[in-house]
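>>> What shape does this take:
(one chain, ligands or ions: 3)
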Amino acid sequence: MAIYLVLIGLPGAGKGTQAVILSKERGLTHVSSGDLFRDNIKRQTELGKQVEAILKSGALVPDDVTIAMVRDRLMQPDCQKGAVLDGFPRTPAQAEALNKMLGELGGRVNLVPYVKVRDDVLVERLSGRWTCQTCQTVYHEKFNPPKVAGVCDKDGGELTQRPDDKAETVKTRIAEYMKNTAPLIEHYRTQGLLVEINGEQEIEKVTAELLAAVAKVS
Ligand code: ADP
Ligand code: AMP
Ligand code: ZN
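Residues are numbered from 1 along each chain as shown. Ligands and ions are numbered 1, 2, ... in the order given. Below is the predicted model:
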């Protein structure tokens, strides 16, 4: 049966890192709203042009735009087998829309792993983050370095830094999270879907905790 996982956590908590591993381990599709926006910006689509300045500022893209984009993605055939959602939903309205979409697919949110870290580790994590332009694998120059600087271990793709990872913008992103996204934690806890994961351990240990939690629901 298809399972749908929603990763929640502050920017830099490790959602993308874990989503790549988890989707591979469990045969699920990784759906990152941030990656979808960045891909549109890179290709300079209408959507990309519309959201470029918003991403640069660290603010959230309006719900209607975000929901339509994620909906399109989830309705594609590779999401029928289930997905790891990373960065969506980020507002109560998005959470409601997600329930509807998954209902149409005959599924539901099966588990919401909340990757918990103290906010004082975030700036260091994000300022050292390097992402593969080809496969979206995430590295850290200190905590998880690639074998060759600037080059993806998996496919030789180019690693780049995100313009919104500078300290100034990170502050805005954390504030957006506190205001809009943090309320989702209690929302999903009430529904019995939330599981807290200690995101301050080394990457392999975080993965082990996540896989154990997912195994209980599937
Ligand atoms: P998010 O998707 O939640 O914003 P990422 O997965 O991109 O976070 O991780 C942010 C940065 O922190 C990346 O550079 C990543 O390599 C690094 N990182 C992720 N998990 C850990 C961890 N458990 N310990 C140390 N660094 C980590
Ligand atoms: P992320 O890659 O998850 O860190 O997201 C990068 C940026 O994309 C955010 O700072 C927002 O501007 C935008 N974004 C990503 N996901 C969403 C979402 N679910 N709702 C609104 N904006 C989003
Ligand atoms: Zn790569």
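
>>> Closest to the centroid, which residue in the chain?
Nearest to the mean C-alpha position of the chain, by C-alpha atoms, centre = their mean, lies Asp86 at 2.4 Å.

>>> ok now do that one, which residues does it touch?
Applying C-beta atoms under 8 Å, 6 or more residues apart in numbering, we find Asp86 in contact with Leu7, Lys15, Gly16, Ala19, His30, Val31, Ser32, Ser33, Gly34. Yep, even glycine has a C-beta here, placed from its N, CA and C like the rest.

>>> right, is the strand of greatest length in the chain up against ligand 1?
In the chain, assigned by DSSP state E, the strand with the most residues is strand 109-116. No. Applying C-beta under 6 Å from any ligand atom, one finds strand 109-116 separated from ligand 1 by no less than 6.7 Å.

>>> same thing with stretch 178-191?
No. Contact of stretch 178-191 with ligand 1 (C-beta under 6 Å from any ligand atom) is absent, the minimum separation being 11.5 Å.

>>> ok so, going back, a markdown table for the contacts of Asp86, including secondary structure, neighbour count and distance to Pro163?
As requested, the contacts of Asp86 are exported to a markdown table (DSSP: H, G, I helix; E, B strand; the rest coil; neighbours: other C-beta atoms under 10 Å; distance: C-beta to C-beta, whole Å):
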| residue | secondary structure | neighbour count | distance to Pro163 |
| --- | --- | --- | --- |
| Leu7 | strand | 25 | 23 |
| Lys15 | helix | 25 | 19 |
| Gly16 | helix | 21 | 16 |
| Ala19 | helix | 27 | 21 |
| His30 | strand | 19 | 22 |
| Val31 | strand | 23 | 22 |
| Ser32 | strand | 22 | 17 |
| Ser33 | helix | 20 | 17 |
| Gly34 | helix | 19 | 12 |
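
>>> what bridges to the residue nearest to the centre of the chain?
With DSSP bridges applied, Asp86 shows beta-bridge pairing to Leu7, Ser32.
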